[in-house]
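Engineer: Sequence first, then the predicted structure, then my questions.
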Amino acid sequence: MNNPAPEAASIPPACCMCHTTGPAVTVVGAIERASGPGWSVFACPNCASAVQQLLQVPSRPR
């Protein structure tokens with residue numbers, strides 16, 4: 001028997017640093033990819049500034 005996957009809207013976003021969920025968790029950035037879809041980065045108000053700083057750090061050259 002196949003159980004359908006839950007709707008994406010029913011899964012609450014969680015902070016990427018402390019894993020808190022709730023209505024205050026918001027999108028603070030996005031990770032873009034050259035191939036395939038990117039994704040949104042969520043953070044709670046307490047972690048938002050630290051996450052935004054991490055997202056602004058340039059990647060190391062390869």
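Structural biologist: Nice, thanks for sending it over.
Engineer: how about the most centrally placed residue in the chain, what does it touch?
Structural biologist: The centroid of the chain falls nearest to Val41 when counting by CA atoms, centre = their mean (2.3 Å). Residues near Val41 by CB atoms under 8 Å, 6 or more residues apart in numbering: 16, 27-31, 51, 55. To be clear about C-beta, it is placed using only N, CA and C from the backbone, and glycine gets the same treatment.
Engineer: Going along the chain, name the strands of the chain.
Structural biologist: Per DSSP state E, the chain carries strands over the ranges 26-31, 39-43.
Engineer: Out of those strands, which one sits most buried?
Structural biologist: Per residue and on average, the most neighbours among the strands of the chain fall to strand 39-43, with a mean of 18 (mean count of other CB atoms under 10 Å).
Engineer: Relative to Ile11, which of the strands of the chain is closest?
Structural biologist: In terms of CB to CB, the element of the strands of the chain nearest to Ile11 is strand 39-43, at 11.4 Å.
Engineer: so the closest one versus strand 26-31, what angle?
Structural biologist: Relative orientation of strand 39-43 versus strand 26-31 (axes from the mean of the first three to the mean of the last three CA atoms, to 10 degrees): 140 degrees.
Engineer: May I have the beta-bridge partners of Val27?
Structural biologist: Phe42 (DSSP bridges).
Engineer: can you tell me how far it sits from Ser35?
Structural biologist: Val27 sits at a distance of 22 Å from Ser35 (criterion: CB to CB, to the nearest Å).
Engineer: mind checking pLDDT for the nearest residue to Trp39 once chain neighbours are set aside?
Structural biologist: Closest residue to Trp39 apart from its sequence neighbours, by CB to CB, 6 or more residues apart in numbering: Ile31 at 5.5 Å. Predicted confidence (pLDDT) for Ile31: 89.
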